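> Got a predicted structure here, sequence first:
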Amino acid sequence: MLKKFFALALAVSFFAAVPASNSSAIPYAIDKNHSTIGFSVPILGGLSKVRGKFTDFDVQLAYDDADITKSTVSATIKAASIDTGIENRDKHLRTADFFDVEKYPEITFQSKRVEKKGNQLIAHGTFTMHGVSKEIALPFTITGKYKDPKDGDVSIGFSSKLMINRQDYGINWRHKDTPTFVGDEVEIELNIITRATANK
């Protein structure tokens, strides 16, 4: 059920390598304690939703406010860290029916280019989940910036929402009695904040 979200990203999640050539982009460390890589999956055609998140992830971000195209983002998510709040369900999600975490321990995203369209930023790159890699466009917005009055360090907030289809990544499990119980379309929601000391 979680197939979709796992995203990246999100994202988004979601960021590993920052090309050295982007020297003008400032590297930012992620505040994991206040960042979330989450998802939701419809149940019985939308009668309800199951929400969850991944608790173990790493994001690397290089951001150039003057030239967005020099920004980069990469993410690595540990699939086994999936958490929907129900232990038995999470155990099932880790099996070969869903994420098969022993065979495919990581979900990753690596940007190839970043562009700006209006007030929105879009990271184009490769998303890999369950052994399947696809090119995706990850839209995100800057939710705000905070400048520490003591030392001038800046924290930046980013958010993103993306729909993916779990079937596209080979996650095809169906409930034997109610095949439509778990939906195919998964919404991934990323809320990422950088640490104020990251740009030193």
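Cool, the structure landed.

> now the helices for the protein?
Assigned by DSSP state H, the helices in the chain fall at 87-93.

> Show me the shaky parts of it.
1-23, 196-200 (pLDDT under 70).

> Spell out the residue ranges of the strands in it.
Ranges of strands within the chain are 26-28, 36-43, 48-54, 57-63, 72-78, 82-83, 106-117, 120-129, 132-147, 154-165, 185-193, based on DSSP state E.

> Can you say which of the ones you listed is packed in most?
strand 72-78 (a mean of 25; mean count of other Cβ atoms under 10 Å). No exception for glycine: its C-beta is placed from N, CA and C like everyone else's.

> so what strands line up beside that strand?
strand 57-63 (antiparallel), strand 106-117 (antiparallel) (DSSP bridges).

> ok and the last one relative to strand 185-193, angle-wise?
Here strand 106-117 points in a direction 80 degrees away from that of strand 185-193 (axes from the mean of the first three to the mean of the last three Cα atoms, to 10 degrees).

> Save the strands paired with strand 72-78 as CSV, and put in distance to residue 41 too.
CSV is the format used below for the strands paired with strand 72-78 (distance: least, Cβ to Cβ, whole Å):
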stretch, distance to residue 41
strand 57-63, 19
strand 106-117, 15
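
> between the ones you listed, which one is nearest to residue 152?
strand 57-63 (16.3 Å; Cβ to Cβ).

> and the closest one, C-alpha only, in CSV?
The C-alpha trace of strand 57-63 is given here as CSV (Å, rounded to 0.1, in the frame of the first residue of the first chain):
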residue,chain,number,x,y,z
PHE,A,57,16.2,8.3,6.0
ASP,A,58,19.0,10.6,4.8
VAL,A,59,18.7,13.7,2.7
GLN,A,60,21.5,15.7,1.2
LEU,A,61,20.6,19.1,-0.3
ALA,A,62,22.6,21.8,-2.0
TYR,A,63,20.6,24.9,-2.6
